[in-house]
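**Q** need the 3D shape of this:
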Amino acid sequence: MAMKHLADLRQLEDGFTETDGWPNLPCPACLAGTLAPKDSDAMITEQSRLSREMREIPDAEPDWISGYFHGSLQCRLPSCGEIVAVAGEYQVKVGAGPHEYQGEFYGNSYKVQCFVPALSLIREDQAFPQRVNDLIVAASAVLWMDPSSAANRVRAAIEELLTLQGVPKSHISKSRKRIRYTAHKRIELLKERKPRFTEAAGLLMAVKWIGNDGSHGGELTVGEVLDGVELLNHALELMYDTSAADLKRRAAEINKRRGIPRKRAAKI
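**A** Model (predicted):
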């Protein structure tokens, strides 16, 4: 299954308000808990210079205020308590919070640009290659500020995955020159050489196309990169997660024996 918290991460793309509250973000340390502001003073806002200048204009409105924020989130699980630093931009907006001014309610709208340490984007499973996991973490580190760069790192994770599966990076041409395979060709080679991974190869191809858009000057959104991450996660499950196969094997054994196999009691 795809990571459930991806839906919460998608909420960060367009920002969130004081009224909305923080999404249920996954703790990057324990992966079991969620993050919340450390305390009531966890988020500090600083107006930009332009915002301060605009505030000096007569009849200035609250929603002219904007700038930057930084603060600390903490894992809600007492057994973990990991601290995550966060920073980004904020804008005062009508209806975004509980603060009243001349009959209107205002509050801060936040747009995250950085988490330290980076949030997990993919289910970290011991069966998944560590190098692939590391590249996804590297993608997460820049996702909120530069989605296209994050997509390139996701694409690099595909290349690493193909290498780990024994798919060659290049070949010798008829003119005896070494020619590098494209990611597209390598995915096709995976499907040809390991037909059991045909479905996974189709998913990897879709992730590759998303990465292409980021590499060739296209401006990707956070949501589009998360689409690629979700597809990659499912491909990894098909290739490395043996739980489904184990369940099928156990079911076949039970059906064959017409019941649960019982161990014979040892004779004394």
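
**Q** so the protein: which segments form each domain?
**A** Here the domain parsing of the chain from automatic domain parsing is 6-116, 130-249.

**Q** deepest in the core, which of those is it.
**A** Of all the domains of the chain, domain 130-249 carries the top mean neighbour count, a mean of 17, counting by mean count of other C-beta atoms under 10 Å. For every residue, glycine as well, the C-beta is placed using N, CA and C.

**Q** how far does that one sit from the chain's center?
**A** How far domain 130-249 lies from its chain's middle: 15 Å, per C-alpha atoms, centre = their mean, to the nearest Å.

**Q** was I right to think residue 8 contacts residue 22?
**A** No - the pair residue 8 / residue 22 is not scored as a contact, 9.2 Å apart, by C-beta atoms under 8 Å.

**Q** which stretches of the stretch 151-268 of the chain have low pLDDT?
**A** Where the stretch 151-268 of the chain drops to pLDDT under 70, the residues are 214-218, 243-247, 261-268.

**Q** so which residues of it form helices?
**A** Secondary structure of the stretch 151-268 of the chain (DSSP state H, counting those that start in this stretch): helices at 183-193, 198-215, 222-240, 243-257.

**Q** of these, which is nearest residue 63?
**A** Closest to residue 63 of those is helix 222-240 (C-beta to C-beta; 24.2 Å).

**Q** for that closest one, output the C-alpha coordinates as CSV.
**A** Taking C-alpha atoms only, helix 222-240 is exported to CSV below (Å, rounded to 0.1, in the frame of the first residue of the first chain):
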residue,chain,number,x,y,z
VAL,A,222,5.0,19.2,-5.2
GLY,A,223,1.9,17.1,-6.0
GLU,A,224,3.3,15.9,-9.2
VAL,A,225,6.6,14.8,-7.6
LEU,A,226,4.6,13.0,-4.8
ASP,A,227,2.7,11.2,-7.6
GLY,A,228,6.0,9.9,-8.8
VAL,A,229,7.1,8.9,-5.3
GLU,A,230,3.8,7.0,-4.8
LEU,A,231,4.3,5.1,-8.1
LEU,A,232,7.9,4.3,-7.1
ASN,A,233,6.9,3.1,-3.7
HIS,A,234,4.4,0.7,-5.3
ALA,A,235,7.1,-0.5,-7.8
LEU,A,236,9.4,-1.2,-4.9
GLU,A,237,6.7,-3.2,-3.1
LEU,A,238,6.1,-5.3,-6.2
MET,A,239,9.9,-6.0,-6.5
TYR,A,240,11.0,-6.4,-2.9
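
**Q** got the contact list for it?
**A** For helix 222-240, the external contacting residues (C-beta atoms under 8 Å, 6 or more residues apart in numbering) are 1-3, 6, 9-10, 12-13, 121-123, 125, 127-129, 132, 136, 139, 143-144, 147, 150-151, 154, 157-158, 161, 165, 197, 199-201, 203-204, 206-207, 210-211, 213-214.

**Q** just those: which are in strands?
**A** Among the contacts of helix 222-240, the subset assigned to strands under DSSP state E is empty.

**Q** could you confirm residue 71 falls within a helix?
**A** No - in this structure, residue 71 is strand, not part of a helix, as judged by DSSP: H, G, I helix; E, B strand; the rest coil.

**Q** show me what contacts it?
**A** 37-38, 42-44, 85-87.

**Q** try it again at 7 Å.
**A** Residue 71 is in contact with 37, 42-44, 86, counting by C-beta atoms under 7 Å, 6 or more residues apart in numbering.

**Q** export the domains of the chain to a markdown table and tack on distance to residue 256?
**A** Putting the domains of the chain into a markdown table (distance: least, C-beta to C-beta, whole Å) gives the following:
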| stretch | distance to residue 256 |
| --- | --- |
| domain 6-116 | 37 |
| domain 130-249 | 11 |
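
**Q** out of the ones you listed, which gets nearest to residue 255?
**A** Counting by C-beta to C-beta, residue 255 lies closest to domain 130-249 out of the domains of the chain; the figure is 10.5 Å.
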